[in-house]
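Asker: please work out how this folds:
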Amino acid sequence: MAAEDRNLIEILEENHPIDISKYISFVHSPQCGAIATFAGTTRDNFDGKTVLELRYEAYATMAVRCIKSICSAARSKWNVHSIAAAHRLGTVPVGETSVFVAISSAHRADALDACKFLIDEIKASVPIWKKEVYTNGEVWKENSEFLQRLELGKDEKAENRVYRSGKLEVEEHEKRGCCGEKVKVNDEAADSCRNEEGSEQTEPFPSLSKVQKD
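Answerer: Numbering: from 1, shown residues only. Predicted structure coming up:
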């Protein structure tokens, strides 16, 4: 079976909870002695605020393509057998799972490292956007992984760094990601979608189109 056939990637529409057992069953294999998983759930607080729910939007087709690219990168770095990744869209109430990753391998080190790599890359580069809804308002949020990569990108441009060795090429991939930067923008003014810090956007997005920066 080709490696791609051992990937299960799903972007779930609103009101479709993640069936964790389904994805664990998919990656389970008698050839594997380890299954590493990550489940991201909605917590009830952030920075002293009470969180009611999270809401997700995405370019589903592009998101699937990006996650496939991330899976290929993971397979090139670790000896993994099967990969499953799922992300919900729409409203995700407190306590429910919004993203789930499961990876199987013969030995635990490969599964654990690949699982961390996969979720970090999904958070940093896949075109999925999150809004946090509080008791006293709501705000669009960028993941910390995306913000860190944004800062690294700025540093790289400032220093005009050149990657030569195999090790640095791997670092470049991890910093820049598989799919570029993920940004929600207005067609007329891309910069208007992000405040100066790039961490929060308090204005609603329904009227804005979504594109991905190269």
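
Asker: grab the nearest non-local neighbour of Ala3.
Answerer: Arg75 (5.6 Å; C-beta to C-beta, 6 or more residues apart in numbering). From N, CA and C alone the C-beta is placed, and that goes for glycine too.

Asker: name the helices or strands packed onto the helix or strand encompassing the one you found?
Answerer: Using DSSP states H and E, Arg75 sits in helix 60-77. Taking 3 or more C-beta pairs under 8 Å, 6 or more residues apart in numbering; DSSP states H and E as contact, the helices and strands that helix 60-77 lies on are strand 7-12, strand 80-88, helix 108-125.

Asker: of all these, which lies closest to Asp47?
Answerer: helix 108-125 (18.0 Å; C-beta to C-beta).

Asker: what pLDDT, on average, does that closest one get?
Answerer: For helix 108-125, mean pLDDT is 97.

Asker: in that helix, what counts as buried?
Answerer: 110-115, 117-125 (16 or more other C-beta atoms under 10 Å).

Asker: re the thing from before, may I see the helices and strands packed on helix 60-77 organised as CSV, with distance to Gly137 added?
Answerer: CSV is the format used below for these (distance: least, C-beta to C-beta, whole Å):
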stretch, distance to Gly137
strand 7-12, 27
strand 80-88, 22
helix 108-125, 23
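
Asker: number of nearby residues for Gly48?
Answerer: Using other C-beta atoms under 10 Å, Gly48 has 5 neighbouring residues.

Asker: about what we covered before: report the angle between the helix holding Arg75 and helix 108-125.
Answerer: Using axes from the mean of the first three to the mean of the last three C-alpha atoms, to 10 degrees, one finds that helix 60-77 and helix 108-125 are set 150 degrees apart in direction.

Asker: show me what helix 60-77 is in contact with.
Answerer: For helix 60-77, contacts defined as C-beta atoms under 8 Å, 6 or more residues apart in numbering pick out 3-4, 7, 9-11, 80, 83, 85, 87, 89, 103, 113-114, 117-118, 121-122, 125-128, 170, 173, 178-179, 212.

Asker: over to stretch 29-44?
Answerer: With C-beta under 8 Å, 6+ apart as the criterion, stretch 29-44 contacts 18, 20, 23-24, 27-28, 50-51, 53-54, 81-82, 92-108, 110-112, 114-116, 118-119.

Asker: whichever of those residues end up buried, select them in ChimeraX.
Answerer: Written as a ChimeraX command, the selection of buried residues from the contacts of stretch 29-44, which uses 16+ other C-beta under 10 Å, is:
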select :18,23,27,51,53,54,81,82,92,97,98,99,100,101,102,103,104,105,110,111,112,114,115,118,119
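
Asker: name the SS class of Gln31, please.
Answerer: For Gln31, the assignment made with DSSP: H, G, I helix; E, B strand; the rest coil gives coil.

Asker: how much space separates it from Cys66?
Answerer: 28 Å (C-beta to C-beta, to the nearest Å).

Asker: kindly report the same for Arg108.
Answerer: On the measure of C-beta to C-beta, Arg108 and Cys66 end up 27 Å apart.

Asker: out of the buried residues of helix 108-125, which one sits closest to Asn45?
Answerer: For these, the nearest to Asn45 is Lys123 (19.3 Å; C-beta to C-beta).

Asker: quick one: the closest one from Val99, how far?
Answerer: From Lys123 to Val99 the distance is 8 Å (C-beta to C-beta).

Asker: with Thr135 instead?
Answerer: Thr135 is 24 Å from Val99, by C-beta to C-beta.
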